[in-house]
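Peer 1: fold the following.
(one chain, ligands or ions: 2)
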Amino acid sequence: MTLAKVLTIAGSDSGGGAGIQADLKTFQELDTYGMSVITAITAQNTRGVQAVFPVQLEALRAQLESVLSDIGAHSVKTGMLVSAEHIQIIAELLSTYGYNNLVIDPVLGSTTGSELTKQEAIHELKTTLWPMATVVTPNLIEAARILETAPIETVQEMEEAVYQLHELGASNILLKGGHLPGEESIDLLYDGQNLTHFSQKRINQANTHGTGCTLASAIAAELAKGADIIDAVETAKAFVTCAIKEGFSIGNGAGPVNHSAYRRRS
Ligand SMILES: Nc1ncnc2c1ncn2[C@@H]1O[C@H](COP(=O)(O)OP(=O)(O)O)[C@@H](O)[C@H]1O
Ligand SMILES: Cc1ncc(COP(=O)(O)OP(=O)(O)O)c(N)n1
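Peer 2: Ligands and ions are numbered 1, 2, ... in the order given. Below is the predicted model:
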């Protein structure tokens with residue numbers, strides 16, 4: 001038996017709820033073979049991010065070369081990218097070795113407010129990596145920062161934002177509405193022609209650490225298995241919805257989503 005290969009390029013979350021750890025759990029749950037290139041080590045728990053240690057550029061390059069020169073990937077997913085220099089190396093090596101599907105979760109900070117990708121790296125992200133993407137999955141805070149606009153506070157403003165984000169060159173934008181108050185959690189997918197609404201009744205859950213990483217990784221896994229973008233997002237939404245429903249409390253702050261919930265769905 002052979003498995004579709006999926007690579008995450010992201011930061012390590014010592015608490016296990018987000019970053020590399022969430023990505024690999026998601027890949028495994030969706031029957032794909034997960035690989036990881038680590039951009040930074042974070043000391044992190046349910047209360048927040050206590051420290052960030054970016055990996056040296058040489059270490060990033062070596063990891064990428066090892067994986068891409070030998071194993072390759074059906075999908076690549078990126079998360080925390082740290083700096084403009086890290087982004088340049090990732091773009092260079094993906095271009096050199098080639099890639100199939102690229103899912104960019106433009107992680108700029110944690111929900112607890114820590115910076116995970118430097119402000120000055122946003123320009124590099126937008127100009128170098130973004131146009132290479134099959135899909136980019138910003139949340140509302142990331143979208144406003146990338147577009148340098150006021151906070152996005154309505155579904156109509158989400159629609160305007162998704163059109164503008166698409167102009168940066170990715171094939172698809174999935175704008176996530178998890179941070180918009182309301183009965184429904186609404187995400188918008190735009191492919192340059194069609195706008196698709198993914199609406200899910202909001203789950204009353206405090207333990208949602210890792211939702212964004214999990215959603216993007218599930219999309220990458222489904223694309224790697226050959227799904228089209230709409231089907232990949234549909235499955236990823238089902239996966240993250242199950243995971244949020246079974247989010248659980250560990251430690252003293254916001255706990256993680258449960259990556260094994262989808263396999264137990266009825
Ligand atoms: N309380 C919730 N109930 C249902 N879906 C949610 C909830 N919170 C987030 N989501 C979904 O989880 C995914 C991640 O969204 P979001 O929280 O906006 O991103 P991030 O984790 O990057 O901040 C989206 O598909 C969003 O609709
Ligand atoms: C190492 C690392 N990467 C990404 C995140 C952000 O996780 P995400 O799932 O986007 O969102 P929150 O859990 O912060 O809501 C992180 N915290 N650490």
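
Peer 1: quick check: longest strand of the chain.
Peer 2: Secondary structure assigned by DSSP state E gives strand 33-45 as the longest strand of the chain.

Peer 1: buried sites along that one?
Peer 2: 33-42, 44-45 (16 or more other C-beta atoms under 10 Å). To be clear about C-beta, it is placed using only N, CA and C from the backbone, and glycine gets the same treatment.

Peer 1: following it, which helix or strand comes up?
Peer 2: Per DSSP states H and E, the first helix or strand lying C-terminal to strand 33-45 is strand 48-54.

Peer 1: tell me what that next one is packed against?
Peer 2: If contacts are counted by 3 or more C-beta pairs under 8 Å, 6 or more residues apart in numbering; DSSP states H and E, strand 48-54 sits against strand 33-45.

Peer 1: keeping just the C-alphas, turn the strand it packs on into PDB.
Peer 2: Provided in PDB are the C-alpha atoms of strand 33-45 (Å, rounded to 0.1, in the frame of the first residue of the first chain):
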ATOM      1  CA  TYR A  33       2.200  10.100   5.100                       C
ATOM      2  CA  GLY A  34       3.300  13.200   7.000                       C
ATOM      3  CA  MET A  35       6.800  14.900   6.900                       C
ATOM      4  CA  SER A  36       8.000  18.000   8.600                       C
ATOM      5  CA  VAL A  37      10.500  20.800   8.100                       C
ATOM      6  CA  ILE A  38      10.700  22.900  11.200                       C
ATOM      7  CA  THR A  39      11.100  26.700  10.900                       C
ATOM      8  CA  ALA A  40      11.100  27.500  14.600                       C
ATOM      9  CA  ILE A  41      10.800  25.900  18.000                       C
ATOM     10  CA  THR A  42       8.300  27.600  20.200                       C
ATOM     11  CA  ALA A  43       8.000  27.100  24.000                       C
ATOM     12  CA  GLN A  44       4.200  27.200  24.200                       C
ATOM     13  CA  ASN A  45       1.400  25.900  26.400                       C
END
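
Peer 1: paired strands for that strand, with orientation please.
Peer 2: Counting by DSSP bridges, the strands paired with strand 33-45 are strand 5-13 (parallel), strand 48-54 (antiparallel).

Peer 1: hmm, whichever helix or strand comes after the first one in reach of ligand 1?
Peer 2: Counting by DSSP H and E, the next helix or strand C-terminal to strand 5-13 is helix 19-29. No: judged by C-beta under 6 Å from any ligand atom, helix 19-29 and ligand 1 are separated, with a smallest distance of 10.0 Å.

Peer 1: circling back: pick out whichever of the buried residues of strand 33-45 sits closest to residue 177.
Peer 2: residue 44 (24.8 Å; C-beta to C-beta).
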